[in-house]
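Engineer: Here is my input; please provide its structure:
(one chain, ligands or ions: 1)
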Amino acid sequence: CEPNTRAGRMMVLVNPLSGRGQAMSLYAGPVQRLLTDAAVPHALIVTEHQNHARELVRSADLSECSALVILSGDGLLFEVINGLMEREDWEQAILTPLAILPGGSGNALAASVADPVWGVELLLSCGFLLCKGLVRPLDVLSLRLSSGLRLFSFLSIAWGFIADVDIESERYRYMGAVRFVVGALIRLASFRTYQGRLAFLPTPGDSSTLSLPRPHPEEHGPPDDLLAPLGEPVPADWTVVEEQDFVLVLATSHSHLAEDLVAAPSAGPADGHIHLLYVRAGVSRVALLKLFVAMEKGTHLACECPHLVYRRVRALRLEPATSPGVITVDGEQAEYGPLQAQVHRGYARLISGSSIRHRPTWTAQFIWV
Ligand SMILES: Nc1ncnc2c1ncn2[C@@H]1O[C@H](COP(=O)(O)OP(=O)(O)OP(=O)(O)O)[C@@H](O)[C@H]1O
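Structural biologist: So this is what the prediction gives:
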């Protein structure tokens, strides 16, 4: 961790519709008080529509911006990162310190950064970390879709059960975080499997770096040197998963999937791993339910469920055969079809504490600050 030495004001982006629609009151209450008390200069921007933040960040003057702060769910940060990568000066822009203040219903990154607190304490904890201003690297995944589109993700790729629950539970948004529980129970009632192919490059897998042609000079972002083009076979040292029937596939860069769901307990923000979990077809409803209950404490990997597989990987390819279907990237619905991804270690910057895991509660941090 290093102190944030960038001059200027923070740009605080608030999605007024995130979560249960309470983000503006969170800003006007605890967030503004905290930033004022800590004498942190900032400018407030309220997003007006989808992709507003992305467009704004794409063209903003970042020379006077000390950090981009997202008061929303994870989806707005996904937009901001992609907006930064769309700029002509993307190599510099992606180094702008980013920060999250939880305002959504899932808040995966905030919970990963400030675990083990939740709710208002999570917001305050993230607020204190923001005021303290220590910057650390953040892994970014580069994603290639079959349409040729390239995306950047900081959080997760999901297909199957988890992606369906995430999107189907949108209609219960007024319930807050409970929407995921309701969505999961409804999806369990109409339990199904998903066909497709999955392959990955296990960690460590340095030997597989390909000598691919350099990316097109106009393409933004680091070269994906671990990925063969979609449509060609994966490199020889990749693992091709034998099964082609799944209940879920989840690739995550962080420990938490939501405030109370710890999918990859050992994950760190710049550990250079994609934490890949998949559940093979054949798992019973009860066993799946038990896994999710265990995930509340992050103990699901110790359940010895024979259908659950966990691997640390550096790259993966997913080719869904079941159609139609849902794939989410950072909790947002993405184009459905084959995709592949590789991790770029520490490619972005995140304002967070010095020790990500087992942080003291915000009151203890207050004394510490
Ligand atoms: N004013 C707005 N009106 C409509 N959509 C918006 C607005 N501002 C942002 N968005 C879009 O809302 C989407 C969801 O944002 P985000 O994930 O940050 O919140 P959330 O969905 O409430 O969080 P969670 O997934 O945790 O519930 C993003 O795609 C973003 O582009």
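Engineer: what about this protein, any weak spots by pLDDT?
Structural biologist: Across the chain, the ranges flagged by pLDDT under 70 are 115, 205-217, 354-369.
Engineer: any idea how it splits into domains?
Structural biologist: 2-139+349-368, 143-346 (automatic domain parsing).
Engineer: Surely Ser66 forms part of a helix?
Structural biologist: No. Ser66 is assigned strand when assessed by DSSP: H, G, I helix; E, B strand; the rest coil, not a helix.
Engineer: right, and it touches Leu98 too?
Structural biologist: No. Here Ser66 does not reach Leu98: they are 11.4 Å apart, not a contact under Cβ atoms under 8 Å. (Each C-beta comes from the backbone N, C-alpha and C, glycine too.)
Engineer: Can you name the residues of this structure that neighbour the ligand?
Structural biologist: Residues of the chain lying close to the ligand (Cβ under 6 Å from any ligand atom) are 15-19, 47-52, 72-76, 79, 104-107, 331-332.
Engineer: Return the residues in contact with whichever residue of the stretch 251-369 of the chain sits closest to the ligand.
Structural biologist: Going by Cβ to the nearest ligand atom, the ligand is nearest to Gly331 of the stretch 251-369 of the chain, at 4.5 Å. Taking Cβ atoms under 8 Å, 6 or more residues apart in numbering, we find Gly331 in contact with 73-75, 78, 106, 108, 155-156, 166.
Engineer: Now it: phi and psi?
Structural biologist: The phi/psi pair for Gly331 (degrees, to the nearest 10) reads phi 80, psi 0.
Engineer: before we move on, what about the one 10 residues further on?
Structural biologist: With angles defined as degrees, to the nearest 10, Ala341 sits at phi -150, psi 150.
Engineer: hey, where'd the helices end up in the stretch 151-300 of the chain?
Structural biologist: Applying DSSP state H, counting those that start in this stretch to the stretch 151-300 of the chain gives helices spanning 161-168, 178-189, 285-295.
Engineer: Give the buried residues for the last one.
Structural biologist: Of the residues in helix 285-295, those with enough neighbours to count as buried (16 or more other Cβ atoms under 10 Å) are 287-288, 291-292, 294-295.
Engineer: would you turn these into JSON lines with distance to Leu151?
Structural biologist: Formatted as JSON lines, those follow (distance: Cβ to Cβ, whole Å):
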{"residue": "Ala287", "distance to Leu151": "33"}
{"residue": "Leu288", "distance to Leu151": "29"}
{"residue": "Leu291", "distance to Leu151": "28"}
{"residue": "Phe292", "distance to Leu151": "27"}
{"residue": "Ala294", "distance to Leu151": "31"}
{"residue": "Met295", "distance to Leu151": "26"}
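Engineer: if I look at the closest residue to Trp118 other than its chain neighbours, how far off is Ser112?
Structural biologist: Excluding the flanking residues, the one nearest Trp118 by Cβ to Cβ, 6 or more residues apart in numbering is Glu259, at 4.4 Å. Noted for Glu259: a distance of 10 Å to Ser112, by Cβ to Cβ, to the nearest Å.
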